[in-house]
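Enquirer: Sharing a model that was predicted from the sequence below.
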Amino acid sequence: MADTSEKKRVLITGGAGFLGSHLCDRFLAEGYHVIAMDNLITGNLANIEHLFKREDFEFHHHDVSKFVFVPGKLDYILHFASPASPIDYLKIPIQTLKVGSLGTHNLLGLARVKGARMLIASTSEVYGDPEVHPQVEEYWGNVNPVGPRGCYDEAKRFQEAITMAYHNHHGLETRIIRIFNTYGPRMRLDDGRVLPAFLSQALKGENLTVFGDGSQTRSFCYVDDLVDGIYRLLLSDYHMPVNIGNPAEITIKQFGEEIAKLTGVEFKPTYQALPENDPMKRRPDITKAKEILGWEPKVDRAEGLRRTLEYFKEHVK
C-alpha cells in the first residue's frame with residue numbers, strides 16, 4: 001500500500017465538473033492526495049468515477065455555500081465550484097451568486113485555518129462586453145450588474161474582490177485565474193455553450209443554432225492547455241489576476257463552418273436573436289501568462305476539436 005500521509009493534499013471544489021475533473025486527474029498524476037467536493041447540481045460523478053478506487057482520492061458530496069469542513073492538513077484549495085454556462089446560471093441565479101460569494105468566503109476561511117494557498121477560478125466574463133480588445137488583466141470591464149448575466153459576472157467579480165481582501169488583510173496566499181472559453185472531453189452536451197451545442201446538433205444532423213448574425217468572436221482553449229496554466233499559476237509567486245486562454249480568435253459563424261466540416265455535414269445555420277449583454281468580442285491577451293508562467297497553449301483548434309469530437313460521438317445518443 002502506497003504511503004499517502006506525506007503527499008501534499010489539495011481540495012478541488014466543483015471536482016465532478018468539466019474543469020474540476022480534469023484538475024483531479026492532473027493533481028493525482030503529479031502525486032497529490034486529491035479531495036474533490038461537489039454538490040452535483042451541474043457536476044457529474046461519471047467524470048470522476050474512474051478515480052473512486054484510488055486511495056489517494058476522496059469525494060465529498062457537499063455544497064460549499066454552506067460551512068466547509070475538511071479534516072487533516074490541506075496545502076492547496078482550488079475553487080472551481082460554480083455553474084458556468086448561461087443556461088445553468090439563468091436557471092439557478094441565486095445558487096450561482098451564493099457559490100461565488102458565500103462559497104468563496106467559506107473556502108478562504110478554510111484556507112486561513114489550514115495555512116493553505118487558494119486559487120480561484122475567475123473568468124473572462126469579469127470583462128463583460130469589452131471595449132478593450134484583446135482583453136488585458138488591467139482592464140476593469142464593462143458589465144451590467146442587473147442584466148441577466150449579472151448573477152454570474154458579479155459573483156465572479158465579488159469573488160476576486162474578497163480573495164484580494166483576504167490576501168491584503170490576512171496575508172493569505174491567493175491566486176486568481178481568469179479563464180477564457182475552454183472546451184474538451186467531459187463538457188456537458190446540453191450545457192448551452194456554443195461548442196457542445198454545435199457538436200451535438202451536427203452529430204444529430206440538425207441545423208446549427210447561430211445567435212445574432214454570427215459575427216461575434218470567441219477564442220477557444222483546449223482543456224489540457226488550460227489545466228497546465230492553472231497548475232503553473234498555483235505554484236507561481238504571482239497573486240494578481242492572470243488570463244489563461246487561447247488567443248486564436250474566430251467568429252461564431254466561421255466556427256460553425258469548421259464544426260460542420262469536421263463532422264462531415266453541410267453548414268446550415270438557424271439564426272436566432274442575440275441574448276442580452278452577450279459579449280461581441282473575446283480574446284485574451286496572454287502576455288502575463290507567457291512572461292510569468294512560461295505558459296502558452298500548445299493544442300491547436302483542429303487537434304482539440306478532433307479529440308472533443310471523439311468524446312461527443314460516444315455520448316450523443
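Expert: Nice, I can see it.
Enquirer: residues of the host helix or strand of D88 that come out buried?
Expert: Following DSSP states H and E, one finds D88 within helix 86-91. The neighbour-count check on helix 86-91 (16 or more other Cβ atoms under 10 Å) flags P86, D88, Y89, L90 as buried. Where you see a C-beta, it was placed from the backbone N, CA and C, and this is true even at glycine.
Enquirer: Equivalent analysis for stretch 266-283, please.
Expert: Neighbour-count burial for stretch 266-283, counted by 16+ other Cβ under 10 Å, picks out F267, P269, N277, P279, K281, R282, R283.
Enquirer: Same question for stretch 286-293.
Expert: Applying 16+ other Cβ under 10 Å to stretch 286-293 flags I286, K288, A289, L293 as buried.
Enquirer: for the residues you listed, which one is nearest L51?
Expert: L293 (26.5 Å; Cβ to Cβ).
Enquirer: which phi and psi does that closest one have?
Expert: phi -110, psi -10 (degrees, to the nearest 10).
Enquirer: show me what contacts the spatially closest residue to it that is not a sequence neighbour?
Expert: Using Cβ to Cβ, 6 or more residues apart in numbering and skipping the chain neighbours, the partner closest in space to L293 is R232 (4.2 Å). With contacts defined as Cβ atoms under 8 Å, 6 or more residues apart in numbering, the neighbours of R232 are L293, G294, W295.
Enquirer: of those, closest to G184?
Expert: Looking across these and measuring by Cβ to Cβ, the closest to G184 is W295, at 16.8 Å.
Enquirer: quick revisit: taking the buried residues of stretch 266-283 together, which two end up most distant?
Expert: F267 and N277 (27.1 Å).
Enquirer: Can you name the helix or strand that the residue nearest to L293 falls in?
Expert: helix 223-234.
Enquirer: got the buried residues for that helix?
Expert: Those buried within helix 223-234 under the rule 16+ other Cβ under 10 Å are V223, D224, D225, L226, V227, D228, G229, I230, Y231, R232, L233, L234.
Enquirer: after that helix, next one along is what?
Expert: Heading C-terminal from helix 223-234 (DSSP H and E), you reach strand 242-244.
Enquirer: Show me where the protein has its helices.
Expert: 18-29, 86-91, 93-114, 150-170, 194-203, 223-234, 252-263, 287-293, 301-315 (DSSP state H).
Enquirer: Between the buried residues of stretch 286-293, which sits nearest L262?
Expert: Of the buried residues of stretch 286-293, the one sitting nearest to L262 (Cβ to Cβ) turns out to be I286, at 25.3 Å.
Enquirer: how near is the closest one to N246?
Expert: Counting by Cβ to Cβ, to the nearest Å, the gap from I286 to N246 is 8 Å.
Enquirer: average pLDDT for stretch 44-61?
Expert: Mean pLDDT, computed over stretch 44-61, is 98.
Enquirer: Determine how far the last residue of it lies from the first.
Expert: 11 Å (Cα to Cα, to the nearest Å).
Enquirer: Counting neighbours, show which residues of that stretch come out buried.
Expert: Residues of stretch 44-61 classed as buried: N47, I48, L51, D56, F57, E58, F59, H60 (neighbour count, 16+ other Cβ under 10 Å).
Enquirer: Quick check: the farthest pair among those residues?
Expert: Farthest apart among the buried residues of stretch 44-61 by Cβ to Cβ are N47 and D56. That separation is 17.5 Å.
Enquirer: Verify the contact between V299 and D224 for me.
Expert: Yes: counting by Cβ atoms under 8 Å, V299 touches D224, with 6.2 Å between them.
Enquirer: coming back round to it: return the subset of the buried residues of stretch 44-61 lying in strands.
Expert: F57, E58, F59, H60 (DSSP state E).
Enquirer: so the third one bridges to which residues?
Expert: So the one you mean is F59. F59 forms beta bridges with A36, as assigned by DSSP bridges.
Enquirer: Tell me which residues touch it, please.
Expert: Contacts for F59 (Cβ under 8 Å, 6+ apart) come out as G15, A16, I35, A36, M37, D38, L45, I48, L51, F52.
Enquirer: Equivalent analysis for N39, please.
Expert: Per Cβ under 8 Å, 6+ apart, neighbours of N39: H61, H62, D63, V64, A81.
Enquirer: Phi and psi next, for the last one.
Expert: Same thing as A81. Backbone dihedrals for A81, given as degrees, to the nearest 10, come out at phi -80, psi 120.
Enquirer: Please report the distance of it from I120.
Expert: With distances taken as Cβ to Cβ, A81 is found 10 Å from I120.
Enquirer: between these two, which one's more packed in?
Expert: A81 (29 against 26; other Cβ atoms under 10 Å).
Enquirer: before we move on, back to that, any idea which of the buried residues of stretch 44-61 is closest to T217?
Expert: Within the buried residues of stretch 44-61, the smallest distance to T217 is 29.0 Å, found for N47 (Cβ to Cβ).
Enquirer: does the closest one really touch G17, like I thought?
Expert: Yes: applying Cβ under 8 Å, one finds N47 in contact with G17, separated by 7.0 Å.
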